[in-house]
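Asker: Just to be clear, the model below is a prediction. Sequence and coordinates:
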Amino acid sequence: MDIDTSVISAPFVKFDPNTWASFKHEDEKLTITENELQKFMAFNDKLSLEDVKKIYLPLSSLLRMYFISRHDRLSVIQKFLGFPMDSVPFIISISGSVSVGKTTTAKLLFELIKQWPCKPKVSLITTDGFLYPNAYLEEKMLLGKKGFPVSYDSKRLISFLLDLKEGKPNLKVPVYSHLTYDIVPDSYTIVDRPNVLIIEGVNVLQDATEYPEFRKRAFISDYIDYSIYVDADEKYLMKWYIDRFLKLKDEAFHDPNCYFHKYANLPDENAASIAKLIWEAVNHSNLVENILPCRNRANLILKKGKDHHIEEVYLRK
């Protein structure tokens, strides 16, 4: 059953793409080429340079203003205290459902932010690295809940964000492989005191529900400076998921190391049926129970239409 994702019940101002495009600042120049855009676009996603100009350049301008404002507030605190304080990373989160295009949004903003006049040091991570390994999930009979709050080591994720905000260097983030569908043993992304960190994942607006000592008291978003939710109606999300599943079946699934290798030689009709079942059993439930209820906690919502293009932008007042 489809759910109504059209109700946005928080103090947001809604803009159409043309109005939103008018907010681009003159010093925000598009330096990304079509070839570069294709390289970092997520699998099966769609994005044009015109989308970048109309939606993402103004968003980059807004984020830069928040970034500068945060440093201005730090100067006020230093003046009040009478001694200097180290600057802490400005953290931007990208949330939304499976298959909505979070990865493309995160990678695009990563490229745009690097081009700010101040040339900040930018890092990009995904909360997939904080999923429990499959062996642990199997032991706890939670593999069917992968992507749900209980499947993440939220205590470790929150500890990472706290260490990041305290300015600790060379922090380790575990690497997750979408090929093997598991954490890669002894493999890490190093985050070394960036000026800006982009963190992408379905759970970045949620709390640490599986830890009684954190429940209702520690939200991942408590450590986020600006949060973005990428939105779309569920009927589109499911279609994009099935389309992606079919493309992967013809490509990545043929790798013997792929977790979904057993589906590689299925007829498209059978594979589409399996993808639909996975969506209904796992992704639909996670969307309704955990992801969508947190949408209105975001600072900005990007609402996509059926062709992946942004049709509405909601800015929190």
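Answerer: Good, I have the coordinates. Numbering: from 1, shown residues only.
Asker: Just say helix, strand or coil for K172.
Answerer: What DSSP: H, G, I helix; E, B strand; the rest coil gives for K172 is strand.
Asker: Please name the nearest non-neighbouring residue to it.
Answerer: Y188 (4.1 Å; CB to CB, 6 or more residues apart in numbering). C-beta: built from backbone N, CA, C; applies to glycine.
Asker: Now do the strands in the protein.
Answerer: For the chain, the strands defined by DSSP state E cover 12-15, 90-96, 122-126, 171-177, 182-191, 196-200, 226-231, 300-304, 310-316.
Asker: what helices or strands is the lowest-mean-pLDDT helix or strand in the chain leaning on?
Answerer: Averaged element by element with mean pLDDT, DSSP states H and E, the chain has its least confident helix or strand at helix 34-40 (a mean of 82). Applying 3 or more CB pairs under 8 Å, 6 or more residues apart in numbering; DSSP states H and E, one finds that helix 34-40 makes contact with helix 102-114.
Asker: tell me which residues in the helix it packs on are buried?
Answerer: By 16 or more other CB atoms under 10 Å, the buried positions in helix 102-114 come out as K102, T103, T104, T105, A106, K107, L108, L109, F110, E111, L112, I113.
Asker: tilt between it and strand 310-316?
Answerer: Relative orientation of helix 102-114 versus strand 310-316 (axes from the mean of the first three to the mean of the last three CA atoms, to 10 degrees): 70 degrees.
Asker: quick one: average pLDDT of helix 102-114?
Answerer: Confidence over helix 102-114 (mean pLDDT, whole number) is 94.
Asker: Now do that helix: which elements does it pack against?
Answerer: In this structure, helix 102-114 packs against helix 34-40, helix 57-81, strand 90-96, strand 122-126, strand 196-200, strand 226-231, with contacts taken as 3+ CB pairs under 8 Å, 6+ apart.
Asker: now those as JSON lines including mean neighbour count?
Answerer: Below are the helices and strands packed on helix 102-114 laid out as JSON lines (neighbours: other CB atoms under 10 Å):
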{"stretch": "helix 34-40", "mean neighbour count": "11"}
{"stretch": "helix 57-81", "mean neighbour count": "15"}
{"stretch": "strand 90-96", "mean neighbour count": "26"}
{"stretch": "strand 122-126", "mean neighbour count": "22"}
{"stretch": "strand 196-200", "mean neighbour count": "25"}
{"stretch": "strand 226-231", "mean neighbour count": "24"}
